[in-house]
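K.L.:
Please work out how this folds:
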Amino acid sequence: MRLVIVESPTKAKTISQFLGSGFDVVSSLGHVRDLPKSGLGVDLEKNFEPSYVIPTKARKTVTDLKKRVAKADSVILATDEDREGEAIAWHLKTALSLKEADAQRIVFHEITKTAIEEALTHPRPIDNNLVDAQQARRILDRLVGYKLSPFLWKKVARGLSAGRVQSVALRLVVEREREIEAFKPQEYWSIEALLKTAEADASFTAFVATKNDKAIPKLGITSAHDAATIGSALEKATYTVADIVQKDTRKHPLPPFTTSTLQQAAGARFGYPAKRTMMLAQNLYERGFITYHRTDSLNLAVSAVTAARTYITEEFGAPYLPASARLYKSRSKGAQEAHEAIRPAFPEGTALTARHPDKLKLEGPQNKLYTLIWQRFIASQMEDALQAATTITVSTDTAYGLRANGAVVRFDGFARVYPVSFDENQLPQVAKGDALTLEKLIPEQHSTQPPARYSEATLIKELEKNGVGRPSTYATIISTIQDRNYVARNEQKRLAPSEIGFMVNDLLVEHFPKVVDIGFTAAMEEEFDTIAEGHKDWHITIANFWGPFSKNLEEKMEEVKSAKVAEETDRACPDCGKPLLKRMGRFGWFFACSGFPECRFTEAIRDEADGPALPCPKCVVGEITPKRTRRGKIFYGCNKYPACDFALWDKPVAEAVEGTPGKHRVRMCPECSSPLVEKKAGIACSSKECKYKEKTGE
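P.N.:
You can find the predicted model right below:
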């Protein structure tokens, strides 16, 4: 019996379907060894050697795996092909005390019968260079997190934490917010003319483009007075077609997805957070529907390209097939070109029609993501879309000239599969020298807009552009800065820093500029790549960072003054009578008793967005206030806790008390008298047993 160990149960189940009875395919449930949760776990005096432990949750798994190893003829480590997967394989080998001759390492880019059987014929040793690169990242992140976080506890508030790459992401969000705050809008005007042709009796719109044959820049008309002056001149002008230029323009298909572009596209199309996209993609990969989903390569297997070209010819005809296959090269720094882009997975020689989204019948969100991957892959091998572009230049007997731009799609090409937007505007047929009649002038005031806040997708794009992070880290980076309450995603799904996010960022930028420097962080990624290629010892990389960092940290612990995180109030603690303080914590400002730790009374500070103060429906004496669990999840509870334990996970619905202006209470369910709460789909009863619901708008 040959024992095959993978990371997840889903992956184990899929692979077991391809292998015969001579294989035992099991899951390690991820990492079986890691640095300890309590303690640094890195020996600073002995060349940064890590002290790995088997986490409590993994001990049962390791015990079971050891029993299976004892019965197996050989062990095959089939974890993912990236550095993380290589490290998991290495940890498994160590935890299970496997000998070099007994542990075979196999890798594959897709979970298909063909790929698995091919991998089994080419086992290899564990790549220690890849393991070292992953170790270097893990140890460096541990050093920064465990050493820098106490600095934040001392200078700002308990419970805060700092991460090496996450702090750079936070800096980008904060700096963008400050750009927005400092932005001063600039007024400018555009002037359009609705012109009518004499022959065709058709109208089209042209915009004022030149003055004295020189182009007017976008912000060239800066006031209503200037717009009125131009308008006065053009009201009495004669208009003539001066020139017509027609040409075809091509729109090229986008390359197949990488991790980054998949997250961006899923965010734009479906509003999926990066974390959700990766969860869905991982499930699709482990079930054998797509190739490996953590990649920055744009390569495609020759067999996949051949299958795509056959499919395109059969489904859409020869005009949609380019003369030769399209090849793409990644622009990402440090891209691992040995990998493949994300595409539908299928055994070599299998017709692509069998993997069409309609044939697989996947469930909702997975079907959406798979369809997007399918469309992007097929479209990447299709012909360009063609547009016929027309530019009409209009002269006048004034100093001003106008221009009209039109375009129509002549051939949809790849857009037949992967929908994209085209700017279409059909202009009428005119000839050079034709006279035109002015129907009306349309002056319009505009204002320059500040840069937009980052969305998850655009922040990932910025990180990738600057070489910060790698495919496996983007989703974690984005979710971490939100989980820490440094950044919040607003209703427009844009990222804005919280007050505590500003404080943490400013402190790190001022006192640890190298840690949060984009260029330095990108350079560290290149160091990890060098280690992975076997050109550098990871101990040297860590030592070069740790020396200056630890010295700076020691100095800053002494010289930096604590931020002002507490203010006196005129309120008394309801539990012990001592003065209440307004304090800054991980989740913002809150009231706390000055008698801490003897008295542990705290109270959330209400925001106007939380609505009116509502009396507790259980004890009547207390008020319902938003609170947070230790993990940061918001709930609504009575401020008289522990005397009253009333609590709701969702925001209660308020209603005005009839006859008492300004007074509100919790609205109760008309069917069971439980509190009504706000859900995404509308108002609903908070009782699990009650099915009462109200649709939004009713």
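K.L.:
ends of stretch 506-518, how far apart?
P.N.:
15 Å (Cα to Cα, to the nearest Å).
K.L.:
contacting residues for Thr448?
P.N.:
Pro185, Gln186, Tyr188, Leu219 (Cβ atoms under 8 Å, 6 or more residues apart in numbering). C-beta: built from backbone N, CA, C; applies to glycine.
K.L.:
Pull the residues that contact the one helix or strand Lys275 maps to.
P.N.:
Using DSSP states H and E, Lys275 sits within helix 274-286. Contacts to helix 274-286, defined as Cβ under 8 Å, 6+ apart, come from residues 8, 10-11, 14, 110-111, 259, 262-263, 266-267, 272, 290-293, 342, 345, 362, 365-366, 369-370, 373, 456-457, 460, 474-476, 478-479.
K.L.:
Stretch 585-603 too?
P.N.:
157-160, 484-485, 498-500, 569, 571, 573-576, 578-583, 604-605, 625, 628, 632, 639.
K.L.:
redo that, cut-off 6 Å
P.N.:
157, 159-160, 485, 499, 573, 575-576, 578-583, 604-605, 628, 639 (Cβ atoms under 6 Å, 6 or more residues apart in numbering).
K.L.:
in that stretch, what counts as buried?
P.N.:
585-595, 601-603 (16 or more other Cβ atoms under 10 Å).
K.L.:
how about low-confidence regions in the chain?
P.N.:
200, 331-338, 606-611, 630-632, 695-698 (pLDDT under 70).
K.L.:
Pretty sure Glu181 sits in a helix.
P.N.:
Yes: under DSSP: H, G, I helix; E, B strand; the rest coil, Glu181 sits within a helix.
K.L.:
Report the separation between it and Pro450.
P.N.:
8 Å (Cβ to Cβ, to the nearest Å).
K.L.:
I'd like to know which of the contacts of stretch 585-603 are part of strands.
P.N.:
Of these, the ones assigned to strands by DSSP state E are Pro579, Leu580, Leu581, Lys582, Arg583, Ala604, Arg628.
K.L.:
Name the residues of stretch 247-266 that are buried.
P.N.:
251, 253, 255-266.
K.L.:
and the host helix or strand of Thr458, what does it pack onto?
P.N.:
Thr458 belongs to helix 456-465 when assigned by DSSP H and E. Secondary-structure packing of helix 456-465 (3 or more Cβ pairs under 6 Å, 6 or more residues apart in numbering; DSSP states H and E): helix 259-270.
K.L.:
quick one: the helix it packs on to chain centroid distance?
P.N.:
Helix 259-270 sits 8 Å away from the centroid of its parent chain (Cα atoms, centre = their mean, to the nearest Å).
K.L.:
one step back: kindly indicate which of the buried residues of stretch 585-603 lies nearest Val25.
P.N.:
Each of the buried residues of stretch 585-603 was scored against Val25 by Cβ to Cβ, and Arg586 proved nearest at 42.7 Å.
K.L.:
Nearest residue to the closest one in space, ignoring adjacent ones along the chain?
P.N.:
Using Cβ to Cβ, 6 or more residues apart in numbering and skipping the chain neighbours, the partner closest in space to Arg586 is Gly159 (4.2 Å).
K.L.:
what's the burial count for the one you found?
P.N.:
Using other Cβ atoms under 10 Å, Gly159 has 16 neighbouring residues.
K.L.:
Quick check: phi and psi on it?
P.N.:
Dihedral pair for Gly159: phi 90, psi -10, per degrees, to the nearest 10.
K.L.:
what's the spacing between it and Pro597?
P.N.:
In terms of Cβ to Cβ, Gly159 sits 15 Å off from Pro597.
K.L.:
for Leu152, same thing?
P.N.:
Where Pro597 is concerned, Leu152 sits at a distance of 20 Å (Cβ to Cβ).
K.L.:
Domain-wise, how is the protein divided?
P.N.:
What automatic domain parsing lists as the domains of the chain is 2-126, 136-183+452-559, 187-252+385-447, 259-379, 566-667.
K.L.:
Next, format those domains as TSV and append distance to Glu689.
P.N.:
Converted to TSV, those look like this (distance: least, Cβ to Cβ, whole Å):
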stretch	distance to Glu689
domain 2-126	33
domain 136-183+452-559	32
domain 187-252+385-447	45
domain 259-379	27
domain 566-667	15
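K.L.:
Which of those domains sits closest to Gly682?
P.N.:
Using Cβ to Cβ, the domains of the chain put domain 566-667 closest to Gly682, at 10.3 Å.
K.L.:
returning to that earlier point: which of the ones in strands among the contacts of stretch 585-603 count as buried?
P.N.:
Leu580, Leu581, Arg583, Ala604, Arg628.
K.L.:
and of those residues, the nearest to Arg83?
P.N.:
Nearest member of those to Arg83, counting by Cβ to Cβ, is Arg628, at 34.9 Å.
K.L.:
Quick check: phi and psi at the nearest residue to the closest one once chain neighbours are set aside.
P.N.:
Sequence neighbours aside, Phe587 is the residue nearest to Arg628 in space, at 5.2 Å (criterion: Cβ to Cβ, 6+ apart). Main-chain dihedrals, Phe587, degrees, to the nearest 10: phi -110, psi 20.
K.L.:
Equivalent analysis for Leu148, please.
P.N.:
phi -90, psi -30.
K.L.:
residues contacting it?
P.N.:
With Cβ under 6 Å, 6+ apart, Leu148 has these contacts: Ala162.
K.L.:
how near is Ser687 to Val6?
P.N.:
Taken as Cβ to Cβ, the span from Ser687 to Val6 is 42 Å.
K.L.:
Looking at those two, which is more packed in?
P.N.:
Using other Cβ under 10 Å as the criterion, Ser687 and Val6 rank with Val6 on top: 27 against 16.
K.L.:
From Ile180, how far off is the residue nearest to Arg628?
P.N.:
Noted for Phe587: a distance of 23 Å to Ile180, by Cβ to Cβ.
K.L.:
Same check on Ala103?
P.N.:
For Ala103, the distance to Ile180 - Cβ to Cβ - is 54 Å.
K.L.:
Mind checking which of the two has more residues around it?
P.N.:
Ala103 (22 against 14).
K.L.:
Wait, that one touches Lys93, no?
P.N.:
Yes: using Cβ atoms under 6 Å, Ala103 is in contact with Lys93, at 5.0 Å.
K.L.:
Any chance of CSV for the contacts of Thr448, columns distance to Pro50 and secondary structure?
P.N.:
Converted to CSV, the contacts of Thr448 look like this (distance: Cβ to Cβ, whole Å; DSSP: H, G, I helix; E, B strand; the rest coil):
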residue, distance to Pro50, secondary structure
Pro185, 53, coil
Gln186, 55, coil
Tyr188, 59, strand
Leu219, 57, coil
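K.L.:
Now the buried members of these.
P.N.:
Tyr188.
K.L.:
Identify, from the contacts of Thr448, the entry nearest to Arg164.
P.N.:
The closest of the contacts of Thr448, once distances to Arg164 are taken by Cβ to Cβ, is Pro185, at 36.9 Å.
K.L.:
residues in contact with that closest one?
P.N.:
Pro185 neighbours (Cβ under 6 Å, 6+ apart): Ser447, Thr448.
K.L.:
for Arg176, same thing?
P.N.:
Tyr454.
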